[in-house]
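Asks: Next input, structure requested:
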Amino acid sequence: MIIVFSGHIARTGLGGSAWANMQYLAGLLDLGHEVFYMEDTGENAWTYDWRSHESTTSLDFPAHYLGSCLEPLGLAGRWIYRSAGRQAGMSLREFLDVCDRADLLIFRGVPVSPWRQEYDRPRRRAFIDVDPGFTQIALAQGMEDLHDTVDRCERLFSIGQRIGRRGCIVPPNTGRWLTTVPPVSLRHWPVASRPPATHFTSLVRWRGFRDARYRGDIYGQKDREFAAFLELPQRSDQRFLLGHLGGDEKLLERHGWELVPGWVASATPAAFREFIGGSRGEISIAKHGYVKMQCGWFSDRSVCYLASGRPVVAEDTGLGDWLPTGMGVVTFTDVEEAMRALTSVNGNYEAHRRAARALAEQHFAAGTVLPPLLEAAMD
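Replies: Here you go, the predicted structure:
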């Protein structure tokens, strides 16, 4: 098949976000598909250059970053970055020809506004929701930009595994959601060869968006949920290192969290992989909304830890309903359970490392995740 994949790499300029999209691209290429990447920022022309700490409307930075991410995958000359009437990479004429020939256009969590007529040209369109609960609330509240994209897609997927199940309070009547999981390209994410470090780590975007309000309730971001676990380093002998974006550094350090700027830990895809490979495991504290809605969210970052042979200690969002937990992935709901989970992992560490990789191979390998997604998208 000829597949156009639309994601969010250049505007973030961060290796973690890049890999969340690159896993799909690498997996689709390995399955033998003809793949093209498209990033469309609509009329929002600015990007943020983390190195200079400046916003810019120039295409030079996003185009260079995008090329450096995609060309090693074999996508040289097969990508376009569209921004406020300009483009970099492929010419517009070349891209329109691809749209005419394409079987499938996939949008990963990125609404395109305004919708362009050429996005109607491929045979089919699919949307992958990567912010379960928040996406459905925005749709229920009539968010125009999101509707412009979602309403034109024949198939809707979500990584919220528990949408529609008992105990999950995600608004159910915002589309016919099929479930999928974040894929990982095992070829690009082998078991890390470095000896495991002393620190459990995480990449934390403190507050990427505003809290959502729905039917009188608040569904918050990571900052709202993290407050319940601030004392974890003081209560545990385990050391923790956060690659953080935003947040109160003094507050975190006062409670024993060791910090590194998130843009440094995730400056490039290689830096992101190095950060994870140098970890003992992941400590994953979820967004407040994911926990409150019990949507079954599991991070595209966590699958990278698993593939690297690094155990994941994760706050429970309803994971036990669909993912084997207890070895490789251990869940918690409060500080005491988090401490017990860490003790369990450290007490049988090599077994947890092997179990982590096995979970990646059995549940998240791109070669397993993507074929049923494509079949459903084209059905």
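Asks: Trp257 and Gln234 touch, don't they?
Replies: No - with contact defined as C-beta atoms under 8 Å, Trp257 and Gln234 do not form a contacting pair (9.7 Å). Just so you know, the C-beta spots here come from the backbone N, C-alpha and C atoms, and that holds for glycine as well.
Asks: For those two, indicate the residue with more neighbours.
Replies: When Trp257 and Gln234 are compared on other C-beta atoms under 10 Å, the one with more neighbours turns out to be Trp257, at 24 against 11.
Asks: Contacts only, for that one.
Replies: With contacts taken as C-beta atoms under 8 Å, 6 or more residues apart in numbering, Trp257 has the following neighbours: 230, 233, 240-242.
Asks: Swap in 7 Å and give it another go.
Replies: Trp257 makes contacts with 233, 240, 242, as judged by C-beta atoms under 7 Å, 6 or more residues apart in numbering.
Asks: I'd say the second one and Val260 touch.
Replies: No - taking contact to mean C-beta atoms under 7 Å, the distance of 11.4 Å between Phe240 and Val260 leaves them out of contact.
Asks: Against Trp257, how distant is the residue nearest the centre of the chain?
Replies: In the chain, the C-alpha closest to the average C-alpha coordinate belongs to Asp300, at a distance of 4.1 Å (C-alpha atoms, centre = their mean). Using C-beta to C-beta, to the nearest Å, we find Asp300 at a distance of 23 Å from Trp257.
Asks: returning to that earlier point: Phe240 and Val260: who's more crowded?
Replies: Neighbours were counted for Phe240 and for Val260 using other C-beta under 10 Å; Phe240 has more, 22 against 15.
Asks: And the more buried one, which helix or strand is it part of?
Replies: Assessed by DSSP states H and E, Phe240 sits inside strand 239-245.
Asks: Each with direction, which strands does that strand pair with?
Replies: In the sheet containing strand 239-245, its partner strands are strand 199-205 (parallel), strand 258-261 (parallel), by DSSP bridges.
Asks: which residues make contact with that strand from outside it?
Replies: With C-beta under 7 Å, 6+ apart, strand 239-245 has contacts from 198-206, 233, 252, 257-260, 262-263, 265-266, 275, 283.
Asks: now swap in stretch 325-345 and tell me
Replies: Applying C-beta under 7 Å, 6+ apart, the contact partners of stretch 325-345 are 229, 231-232, 235-236, 238, 281, 306, 311-316, 319-320, 323, 351-352, 355-356, 358-359.
Asks: The nearest residue to Glu34 once chain neighbours are set aside: neighbour count?
Replies: The spatially closest residue to Glu34, leaving aside those adjacent along the chain, is Ile2, at 4.7 Å (C-beta to C-beta, 6 or more residues apart in numbering). By other C-beta under 10 Å, the residues close to Ile2 number 17.
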